[in-house]
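> Kindly return the folded structure for what I paste below:
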Amino acid sequence: MIEGGLYRKSYLGPSLKCIDSREAESVVREIHEGICGMHMEAKMVVARAMRAGYYWPELFLSAVKEIQRCDHCQLQAPVVRKSKSNLIPVSSSWPFQKWGIDIVGPFPEGAGKVRFLVVAIDYFTKWVEAKPLRTITGEQIKRFV
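Numbers count the residues shown, from 1 in each chain. Have a look, this model is predicted:
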């Protein structure tokens, strides 16, 4: 307590004034998109808030929430093209050992009243076979394979 206000000890700078969530929201908004705001990421917003001398318990969480609400940041954010899990390679030792088969459709009716497509791909050679079908039955798929 310093002069009736609650402060938190800071090791690298001045003592940090503890503020409530309502004040924290306006501080984060001003730092993020105010006059000198640069639409920074959450870590930079937190660092600037602490350098300005403010502290509240959910410092990082409130910065993340504010950035998620910012339309400009959501439109200009980089697109993550990395898959969420590691890819598992599927390989085969020789041609025609392993096949991938899929049924595609229904499509608009074509010549010969065909509406479906059975596609088979060999994993080794990447050879593709496709057969158009009017209807799908287990017997037709067995003949194809």
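> Quick check: next helix or strand after the helix or strand hosting residue 23?
With secondary structure defined by DSSP states H and E, residue 23 is part of helix 21-33. Next along the chain after helix 21-33, taking DSSP H and E as the criterion, comes helix 42-51.
> For that next one, give me every contacting residue.
Helix 42-51 has contacts (CB atoms under 8 Å, 6 or more residues apart in numbering) with 10, 13, 16, 27-28, 31-32, 40, 55, 59-60, 63-64, 66-67. Where you see a C-beta, it was placed from the backbone N, CA and C, and this is true even at glycine.
> Kindly give a single ChimeraX line that selects the buried subset of those residues.
Applying 16 or more other CB atoms under 10 Å to the contacts of helix 42-51, the buried members can be selected in ChimeraX as follows:
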select :16,27,28,31,32,40,55,59,63,64,66,67
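> mind listing what's buried in stretch 51-59?
Residues of stretch 51-59 classed as buried: 54-56, 59 (neighbour count, 16+ other CB under 10 Å).
> in this structure, which spans are helices?
Listed in chain order, the helices of the chain (DSSP state H) span 21-33, 42-51, 59-69, 71-76, 138-144.
> Off-centre distance for the second one?
Translated: helix 42-51. Here the centre of helix 42-51 is set off from its chain's centre by 24 Å, with CA atoms, centre = their mean, to the nearest Å.
> again, but for the shortest one
If you compare the mean C-alpha spot of helix 71-76 with that of the full chain, they lie 14 Å apart, counting by CA atoms, centre = their mean.
> Stretch 5-13 now?
Distance of stretch 5-13 from the chain centroid (CA atoms, centre = their mean) equals 36 Å.
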